[in-house]
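Engineer: Structure for the following, please:
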Amino acid sequence: MTQVNQKTVLVVDDAPANIQIVNSILKDTYKVRVATSGSKALELVKVIPLPDLILLDVVMPEMDGYEVCTRLKLDPETRDIPVIFLTGQTEVEDETKGFDVGAVDYIHKPFSPAVVKARVQTHLTLRGIREQLSQQLLAIQKELETARQIQLSILPSSIPKIAGLDIAARYVPMTSVAGDFYDFIVVDEEHLGVLVADVSGHGMPAALIASMIKIAFSSQASHAADPARVLLGLNEALCGKFEHHFVTAAYVFIDIQNRTLTYAGAGHPPLLLWGAEGVRSIEENGLFLGKFSFATYTSKELPLTPGDRILLYTDGIPETTNPAGIEFGADGFRQFLENEQTATSATQFADRLLEELSLWSGRGSSDELDDDMTIVAIHVASH
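Structural biologist: Reported below is the predicted structural model:
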């Protein structure tokens with residue numbers, strides 16, 4: 001081992017004889033730094049290069065090894081340096097206390113050269129592995145953040161402004177990247193297409209497929225008024241592109257001029273429409289996208305009246321579970337919708353629905369979701 005690559009070991013012991021023994025065992029393999037007290041150890045541990053490992057005597061005057069180790073672990077600069085206690089004590093309680101304050105191992109006195117060498121080598125190797133894993137994790141986290149930013153960039157940067165419509169969208173991914181997707185086709189100031197899609201699975205593969213949907217959907221603008229044709233075009237574009245995933249989707253085309261809504265689905269949760277007639281569940285489903293080249297789709301046209309409200313969503317909404325494992329479900333969804341006041345804006349509605357789901361699940365803001373969740377709420381102006 002070259003001098004440059006040698007690891008540094010800090011030996012801390014108030015007995016010169018013990019230091020001499022340990023130094024004689026390690027000096028041919030490692031750079032050995034010596035401290036004869038706890039306070040001196042806390043000084044030397046900050047000397048560059050920082051030690052790669054610390055051999056620390058337990059029983060020392062003024063400041064014992066437990067206190068030294070505790071201070072080392074509280075300092076962000078030194079907390080990752082492995083500490084091996086040197087001790088003549090063999091009681092279980094003593095060793096347990098050492099592990100509690102952050103030590104990784106014990107070497108008992110009198111010292112066995114083979115044991116000292118083996119323990120030091122083992123924990124230096126383990127530290128190297130931990131540092132390598134930490135660097136790999138950091139690289140993965142950076143890649144995920146980049147992927148998250150890219151994925152967010154494929155979502156609409158703003159909500160379309162259509163006279164007579166109040167629109168709100170919410171996108172809540174389960175992890176950094178997700179398989180949910182929504183987008184709009186604005187034909188003109190009176191005609192709007194809305195897509196909500198959900199890729200099976202989670203994480204990076206689902207996110208990549210969601211980006212494919214973005215491209216495929218943009219090519220459907222020429223027949224935006226025909227929801228069945230839009231889903232057929234998406235299926236044709238996605239088939240054969242992946243093996244272990246599929247996509248559910250719902251698409252609506254809103255014609256404000258003629259006060260109509262046309263809807264088609266592909267294996268997706270039903271469209272919800274509510275107003276003077278109460279809550280209606282509209283289902284017009286063909287096969288999910290990306291698996292069957294022979295799939296066909298049909299659409300359903302419905303009249304729109306002032307005050308109607310429309311909701312497109314992914315299955316993460318009704319499948320949200322409470323602490324007992326019970327899903328929010330269609331009944332909970334319907335009850336929430338029936339209790340909503342018709343004057344509520346789309347933005348208020350979307351936020352209140354997410355609040356209701358948070359209360360139902362009992363999760364905090366930092367807790368992981370069961371699934372990705374996406375909402376597109378549309379309110380038809382009442383006058």
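Engineer: Tell me where the chain is predicted with low confidence.
Structural biologist: Flagging of the chain using pLDDT under 70 yields the residue ranges 1-4, 90, 146-148, 150-152, 174-178, 341-343, 364-371, 383.
Engineer: continuing past the helix of greatest length in it, what's the next helix or strand?
Structural biologist: Identified as the longest helix of the chain according to DSSP state H is helix 113-154. Helices and strands here follow DSSP states H and E; after helix 113-154, the next one along the chain is strand 165-172.
Engineer: next SSE after that next one?
Structural biologist: Tracing the chain C-terminally past strand 165-172 and defining elements by DSSP H and E, one meets strand 180-188 next.
Engineer: Which segments of the chain make up each domain?
Structural biologist: Per automatic domain parsing, the structural domains of the chain span 8-135, 155-380.
Engineer: just those: most buried one?
Structural biologist: domain 155-380 (a mean of 18; mean count of other C-beta atoms under 10 Å). For glycine as for every other residue, the C-beta is placed from the backbone atoms N, C-alpha and C.
Engineer: wait, what's in contact with Phe292?
Structural biologist: Counting by C-beta atoms under 8 Å, 6 or more residues apart in numbering, Phe292 makes contact with 235, 239.
Engineer: I believe Phe111 is in a strand; please confirm or correct that.
Structural biologist: No: assessed with DSSP: H, G, I helix; E, B strand; the rest coil, Phe111 is coil; it does not lie in a strand.
Engineer: now it: how far from Ala163?
Structural biologist: Distance, Phe111 to Ala163, by C-beta to C-beta, to the nearest Å: 85 Å.
Engineer: my guess is Leu304 contacts Ile254, does it?
Structural biologist: Yes: Leu304 lies in contact with Ile254 (C-beta atoms under 8 Å); the separation is 7.2 Å.
Engineer: Please enumerate the shared neighbours of the two.
Structural biologist: By C-beta under 8 Å, 6+ apart, the residues touching both Leu304 and Ile254 are 260-261.
Engineer: Which strand or helix spans the residue lying closest to Asn322 once chain neighbours are set aside?
Structural biologist: Among residues not flanking Asn322 along the chain, Trp360 sits closest, at 5.3 Å (C-beta to C-beta, 6 or more residues apart in numbering). Here Trp360 sits within helix 346-361, counting by DSSP H and E.
Engineer: Could you tell me the angle between the longest helix of the chain and strand 180-188?
Structural biologist: Calculated by axes from the mean of the first three to the mean of the last three C-alpha atoms, to 10 degrees, helix 113-154 forms an angle of 20 degrees with strand 180-188.
Engineer: Which neighbouring elements make contact with helix 113-154?
Structural biologist: helix 16-26, strand 53-57, strand 83-87, strand 105-108, helix 203-218 (3 or more C-beta pairs under 8 Å, 6 or more residues apart in numbering; DSSP states H and E).
Engineer: relative orientation of the first one and strand 53-57 in degrees?
Structural biologist: Same thing as helix 16-26. Counting by the same axes, to 10 degrees, helix 16-26 lies at 150 degrees to strand 53-57.
Engineer: okay, the angle between helix 16-26 and strand 83-87?
Structural biologist: Using the same axes, to 10 degrees: helix 16-26 against strand 83-87 is 130 degrees.
Engineer: Please apply the same query to the last one.
Structural biologist: Note on geometry: by the same axes, to 10 degrees, helix 203-218 and strand 83-87 are set 170 degrees apart in direction.
Engineer: Specify the local secondary structure of Thr280.
Structural biologist: Actually, residue 280 is Arg. It isn't Thr. Classification of Arg280 using three-state DSSP returns strand.
Engineer: Not counting its neighbours along the chain, what's nearest it?
Structural biologist: Leaving aside its chain neighbours, Arg280 sits nearest to Leu273 (4.8 Å; criterion: C-beta to C-beta, 6+ apart).
Engineer: Quickly find the element holding that neighbour.
Structural biologist: strand 271-275.
Engineer: quick one: contacts of that strand?
Structural biologist: So strand 271-275 is in contact with 250, 252, 261, 263, 265, 279-283, 302, 305, 307-313, 333, 337-338, 342, 380, going by C-beta under 8 Å, 6+ apart.
Engineer: that older thread, neighbouring contacts of the helix holding Trp360?
Structural biologist: 166-170, 172, 309, 317, 320-323, 328, 332, 336, 340, 344, 367, 370, 373, 375, 377-379.
Engineer: List the ones among the residues you listed that fall in strands.
Structural biologist: Within the contacts of helix 346-361, residues falling in strands by DSSP state E are 166-170, 172, 309, 373, 375, 377-379.
Engineer: follow-up on the earlier one: which stretch among the helices and strands packed on helix 113-154 comes nearest Arg229?
Structural biologist: Taking C-beta to C-beta, helix 203-218 is the member of those nearest to Arg229, at 12.5 Å.
Engineer: And the next helix or strand past that closest one?
Structural biologist: Reading on from helix 203-218 to the C-terminus, the next helix or strand found by DSSP H and E is helix 227-238.
Engineer: list the helices and strands that following helix packs on?
Structural biologist: Where contact means 3+ C-beta pairs under 8 Å, 6+ apart, helix 227-238 is packed against strand 191-199, helix 203-218, strand 247-255, strand 260-266.
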